[in-house]
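Visitor: A predicted structure for the sequence below; I have some questions about it.
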Amino acid sequence: MKLVIDTNTLISALVKSGETRNFIINRNTDFELISPAYILSEINKYKDEICRKAVMNEEQFYLLLDILFSYIKIINPNFYSEHLKYADELIGHIDIKDVPFLACALTFNCPIWSNDNHFQKQKIVKIFKNKDILNY
């Protein structure tokens, strides 16, 4: 099953070596992790904060990011652009940054892995929280 991973979930895996990072790297092969290309700019936007919290330098950050992205397929916006308007209608008024993730999930008819509660406000795409994924 395809599963869209959101920015906060990936940030969690970058900041702390724990269950989230472990799941990404050692996940059940039933899951194919994907994310819209927008995640790249979001991660870079928070790079300094991630490095500070994780107590790592920029080189270590990019090394870990490369490792994690070797398990996550980045989806080009051309593949989910036709769903951006609908995704914006569903969640854009709550958090515009989450529209690409929802559009990606709509395109591939798959759930989103996120602990952000505002995703729960829409009822079209299933949302898996960490506890759901880790208990799978």
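Guide: Here it is on my side, so go on.
Visitor: What's the end-to-end length of stretch 35-51?
Guide: 22 Å (Cα to Cα, to the nearest Å).
Visitor: before we move on, what about stretch 63-76?
Guide: Start to finish, the residues bounding stretch 63-76 are 22 Å apart (Cα to Cα).
Visitor: Kindly report the same for stretch 122-130.
Guide: First residue to last in stretch 122-130 (Cα to Cα) measures 18 Å.
Visitor: Just give me how far it sits from the chain centre.
Guide: 13 Å (Cα atoms, centre = their mean, to the nearest Å).
Visitor: Also stretch 123-136?
Guide: Distance, stretch centre to chain centre, for stretch 123-136: 12 Å (Cα atoms, centre = their mean).
Visitor: Show me which positions of it end up buried.
Guide: By 16 or more other Cβ atoms under 10 Å, the buried positions in stretch 123-136 come out as 125, 127-130, 133. In this view, the C-beta of every residue, glycine as well, is placed from N, C-alpha and C.
Visitor: Pick the one among those residues closest to residue 57.
Guide: If you rank the buried residues of stretch 123-136 by distance to residue 57 using Cβ to Cβ, residue 130 comes first, at 27.2 Å.
Visitor: where does the residue lying closest to the closest one once chain neighbours are set aside fall, helix, sheet strand or coil?
Guide: If you skip the residues right next to it in sequence, residue 130 has residue 115 as its closest partner in space, 5.8 Å away by Cβ to Cβ, 6 or more residues apart in numbering. Classification of residue 115 into helix, strand or coil gives coil, according to DSSP: H, G, I helix; E, B strand; the rest coil.
Visitor: burial of residue 115, as a residue count?
Guide: Neighbour count for residue 115, taken as other Cβ atoms under 10 Å: 17.
Visitor: Quick check on the closest residue to residue 38 other than its chain neighbours: phi, psi?
Guide: With Cβ to Cβ, 6+ apart as the measure, residue 100 is the residue that lies nearest to residue 38, at 4.1 Å, once sequence neighbours are left out. Torsion angles at residue 100 (phi, psi; degrees, to the nearest 10) stand at phi -60, psi -30.
Visitor: Perfect, I'm done here.
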